[in-house]
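> Got a predicted structure here, sequence first:
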Amino acid sequence: MPRLPAPDYPADVRARLEADGKEIVARYPDSRSALLPLLHLVQAEEGYVTRTGMAFCADLLELTTAEVTAVATFYSMYRRKPSGEYQVGVCTNTLCAVMGGDAIFEELKEHLAVGNNETTDDGKVTLEHIECNAACDFAPVVMVNWEFFDNQTPATAKRLVDDLRAGRPVEPTRGAPLCTYKETARILAGFPDERPGAVAATGGAGPASLAGLRLAKGETPGARVVHPRGEGRGGEGPRDEPQPGAQHLSSHDAPQQTSASDPAHPAGPAAEEGE
């Protein structure tokens, strides 16, 4: 049976979204260019891009729903089904994977009893694997609503999602304070983050990312304080308080045991081609 047309937003919601939408469209010389932030706007309303949201974008930009759907389904940042208050993305690309990202993802799936792109029963956490978080210097990296949680282990990642589900305060390793997925979507639509101190807290690249630049300028690297995994940030115990002047370290400064270095899980000799 053909699908019925998408229902419209309630009048008050549509009026509010139209006001915000027109503000977005006015930023661009070609109204069609406003489609990506408009999709973030409707995602901020319901937590995912609904058929109603796509119809709204089409009406505002004088596009067909097919044109809007083609864009909404192309980018993974737009959700097509209800999702959690917190999107927990585990990087499983090459460096994060070998540093422990694969282990984190597998343990979180078991711990939360969900699969990839699935949401916990309480609606708090949606788990997904991400190809790259663009933070290789701090591998393995987990992101919550696109905020960084660096140098993770299975233990710290499980504690992180437990805190999210319990409503306990959670602070990203760097960047702005954590907010809900809907709030994040509205910021991505181009509206200011009005939380006190949020903009000032965004900061820049971590010291590990800038090490090569400092060396190229002839600067002397500062002393490093390395917390071995199993202590402080990387273990089961409480996190260490940051020390004055301490650098945000790369996971390469305190590497996890890999198959090549862990006697309990030897890699064994590489097989020759054809064996």
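Yep, it's here.
> what ranges of this structure fall below the confidence cut-off?
200, 202-206, 221-275 (pLDDT under 70).
> rerun that using 80 as the cut-off
1-4, 175, 195-209, 220-275 (pLDDT under 80).
> need the helices for it, in chain order.
Secondary structure of the chain (DSSP state H): helices located at 11-25, 35-46, 51-61, 65-72, 94-96, 102-112, 154-166, 181-188, 207-216.
> angle of the first one against helix 35-46?
Regarding helix 11-25 and helix 35-46, their directions subtend 150 degrees when assessed with axes from the mean of the first three to the mean of the last three CA atoms, to 10 degrees.
> can you tell me which of the helices of the chain comes nearest to N133?
helix 94-96 (7.2 Å; CB to CB). For the C-beta atoms, the positions are set from N, CA and C on the backbone; glycine is no exception.
> how far is that closest one from where the chain is centred?
16 Å (CA atoms, centre = their mean, to the nearest Å).
> Start the count at 308 instead of 1 going forward.
OK, 308 is where the count begins now, so the last one is helix 401-403.
> can you pull the buried residues of it?
L402, C403 (16 or more other CB atoms under 10 Å).
> re earlier: what's the closest of the helices of the chain to F445?
That would be helix 514-523 among the helices of the chain, by CB to CB, at 6.3 Å.
> Buried residues, that closest one. List them.
P514, A515, S516.
> One more: stretch 407-416?
Buried residues in stretch 407-416 (16+ other CB under 10 Å): G407, G408, D409, A410, I411, F412, E414, L415, K416.
> could you list every residue that touches the closest residue in space to the fourth one that isn't next to it in sequence?
Closest residue to A410 apart from its sequence neighbours, by CB to CB, 6 or more residues apart in numbering: P461 at 5.6 Å. By CB atoms under 8 Å, 6 or more residues apart in numbering, the contact set of P461 is G407, A410, I411, E414, L415.
> go with 7 Å
A410, I411, E414 (CB atoms under 7 Å, 6 or more residues apart in numbering).
> Could you do A508 as well?
Applying CB under 7 Å, 6+ apart, the residues near A508 are A483, P484.
> one more time with 6 Å, if that's ok
By CB atoms under 6 Å, 6 or more residues apart in numbering, the contact list for A508 reads A483.
> Over to G328?
L345, L367 are the contacts of G328 under CB under 6 Å, 6+ apart.
> and the residue most central in space within the chain, how far is that from R310?
Nearest residue to the geometric centre of the chain (CA atoms, centre = their mean): W453, 3.0 Å. For W453, the distance to R310 (CB to CB, to the nearest Å) stands at 32 Å.
> what does C364 give?
18 Å.
> If you count surrounding residues, which of the two has more?
C364 (27 against 6; other CB atoms under 10 Å).
> give me the number of residues near E501?
8.
> How about D409: what's its closest non-neighbour residue?
Nearest to D409 is T399, by CB to CB, 6+ apart, at 5.8 Å.
> Please look at that neighbour and H436 and confirm they touch.
Yes. Taking contacts as CB atoms under 6 Å, T399 lies within contact range of H436: 4.4 Å.
> Since that was my last question, I'll sign off now.
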